[in-house]
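Asks: sequence and predicted structure are below.
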Amino acid sequence: MKNRFDLWIGYTQLSFFQMYNKSISSPFRENNFEPELMGVIHTDYDLFGLKGRFINIGLVHQSNGRQDPLSRSWNRIYAQFGFERGGFGLMVRPWYRIREDWTADNNPDITTYMGYGDVVATYAWGGHMVSLVLRSNVNFWNLHGAVQADWSFPLYHELKGYVQVFTGYGESLIDYNHYQTTIGAGFLLINWM
């Protein structure tokens, strides 16, 4: 019988370059650190024509490692549901912020801007992959969140080009409560999905 449960430990680091501002923060403007622990339950069921492949239950910490007043951090528990059909993939992940002592919380309104979950849709064909990430606070009277679109495409052997467009709140922790739109391009050695 196939093992239907795995325990994973993950670490993600996102670094934002800012080469032009040497007096404040060259060469990096911000580093976001994200260690994570998750239990993965492998599934095999049908839902609206999609195949349910996994359910993740996880605990994630995200911080920027800076001191006040620039310190940002939060802890979340989440459940993530993964579906696929052909080259299409869909992941739905609601989360709950673990509250801190209000005297030590350096970003008490972070869920107002970063929301209560995200949805990631991907589609792969012929070496190309597009993805769309949607995040929302689900407050229709004071809506905040973000949209991110990514496209990777073949260049040479395993090397791929990469283009990303982001608009909304929370691209980096330091700017979690500032609306911004960014466009980025680069190279990709390994597809993240």
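Replies: Everything's here; your move. Quick caveat: nothing in here was measured; it's all calculated off a predicted structure.

Asks: where exactly do the strands run in the protein?
Replies: 5-17, 28-47, 50-63, 73-85, 88-98, 117-125, 128-136, 145-156, 159-168, 180-188 (DSSP state E).

Asks: residue 130 touches residue 153, doesn't it?
Replies: No: counting by CB atoms under 8 Å, residue 130 does not reach residue 153; the two are 9.4 Å apart. Every C-beta, even on glycine, is put in place using the N, C-alpha and C of the backbone.

Asks: please name the nearest non-neighbouring residue to residue 42.
Replies: Residue nearest to residue 42 in three dimensions, not counting chain neighbours: residue 4, with 4.6 Å by CB to CB, 6 or more residues apart in numbering.

Asks: for the one you found, what are its contacts?
Replies: Residue 4 sits next to 41, 42, 43 when contact means CB atoms under 8 Å, 6 or more residues apart in numbering.

Asks: surely the first one and residue 54 touch.
Replies: Yes: using CB under 8 Å, residue 41 and residue 54 qualify as a contacting pair, with a distance of 6.5 Å.

Asks: any low-confidence regions in the chain?
Replies: Scanning the chain for pLDDT under 70 picks out the ranges 1-2, 18-26, 191-193.

Asks: follow-up on the earlier one: and the residue nearest to residue 42, how far from residue 92?
Replies: Distance from residue 4 to residue 92, counting by CB to CB, to the nearest Å: 20 Å.

Asks: one step back: settle it for me: which of residue 41 and residue 54 has more neighbours?
Replies: Shown here are residue 41 and residue 54; by other CB atoms under 10 Å, residue 54 has more neighbours (17 against 11).

Asks: let me see the contact set for that one.
Replies: Taking CB under 8 Å, 6+ apart, we find residue 54 in contact with 40, 41, 42, 43, 80, 81, 82.

Asks: next up, the contacts around the second one.
Replies: Shown here is residue 41, whose contacts under the criterion CB under 8 Å, 6+ apart are 4, 5, 54, 55, 56, 57.

Asks: do that again at 7 Å, thanks
Replies: With contacts taken as CB atoms under 7 Å, 6 or more residues apart in numbering, residue 41 has the following neighbours: 4, 5, 54, 55.

Asks: again with the fourth one
Replies: For residue 43, the contact set (CB under 7 Å, 6+ apart) comprises 52, 53, 54, 55.

Asks: list only buried entries from the residues you listed.
Replies: Under a neighbour-count criterion of 16 or more other CB atoms under 10 Å, the subset of the contacts of residue 43 counted as buried comprises 52, 53, 54.

Asks: want to throw these into a markdown table with distance to residue 101?
Replies: As requested, those are exported to a markdown table (distance: CB to CB, whole Å):
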| residue | distance to residue 101 |
| --- | --- |
| 52 | 38 |
| 53 | 38 |
| 54 | 34 |
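
Asks: between those residues, which is closest to residue 27?
Replies: Comparing the buried ones among the contacts of residue 43 against residue 27 with CB to CB picks out residue 54 as the nearest, at 37.6 Å.

Asks: so what's the residue nearest to residue 145 when sequence neighbours are not counted up against?
Replies: Nearest residue to residue 145 in three dimensions, chain neighbours excluded: residue 136, at 3.7 Å (CB to CB, 6+ apart). If you count contacts by CB under 7 Å, 6+ apart, residue 136 has them with 115, 143, 145.
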